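Asker: this one's sequence-less:
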């Protein structure tokens, strides 16, 4: 099996959601990751802080505050899973609760160094 990284963008805006929406969304995420864990393919992950970021780039290692991209394009979290192929990882991602709020999942194979 290979490792795949799921990068989550968009989805529910936790700063604008009602307490009921938050509770339901968090329960959906918990249920999904528990199911992946039962299948033995969940390898961990976390939510990321929105709107607090920095970019370091170039030969001079210049630092810029913020990610400078639209809120719905920022990476809001990630998980890693195990799958036999990219196609299988795509199918696994389709159960992700982020799609209930028009979010997206970028899927990348992890190369072991």
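Answerer: Structure's in. What do you need? None of the values given here were measured: they were computed from a predicted structure.

Asker: mind checking the SS state of the closest residue to residue 22 other than its chain neighbours?
Answerer: Nearest residue to residue 22, sequence neighbours excluded (Cβ to Cβ, 6 or more residues apart in numbering): residue 14, at 6.4 Å. C-beta coordinates here come from the backbone N, C-alpha and C atoms, glycine included. On the three-state scheme (DSSP: H, G, I helix; E, B strand; the rest coil), residue 14 is labelled coil.

Asker: Can you get me a residue count around residue 14?
Answerer: When counting by other Cβ atoms under 10 Å, one arrives at 13 neighbours for residue 14.

Asker: Which pLDDT value goes with it?
Answerer: Here the pLDDT value assigned to residue 14 is 80.

Asker: Please tell me how far it sits from residue 44.
Answerer: Separation of residue 14 from residue 44 (Cβ to Cβ, to the nearest Å) stands at 21 Å.

Asker: I figured the residue nearest to residue 22 hits residue 26, correct?
Answerer: No: using Cβ atoms under 8 Å, residue 14 makes no contact with residue 26, being 9.3 Å away.

Asker: Name all residues that make contact with residue 36.
Answerer: 42, 79, 81, 92 (Cβ atoms under 8 Å, 6 or more residues apart in numbering).

Asker: List the ones among these that fall in strands.
Answerer: In strands, judged by DSSP state E, the following of these are found: 42, 79, 81.

Asker: Bridge partners for residue 46, pull those for me.
Answerer: The bridge-partner assignment for residue 46, based on DSSP bridges, gives residue 78.

Asker: Number of residues surrounding residue 95?
Answerer: The number of residues near residue 95, taken as other Cβ under 10 Å, comes to 12.

Asker: Apart from its neighbours in sequence, what residue is nearest it?
Answerer: residue 32 (5.9 Å).

Asker: List the buried residues for the helix or strand hosting the one you found?
Answerer: Here residue 32 sits within helix 19-38, counting by DSSP states H and E. For helix 19-38, the neighbour count (16 or more other Cβ atoms under 10 Å) marks 25, 28, 29, 32, 33, 36 as buried.
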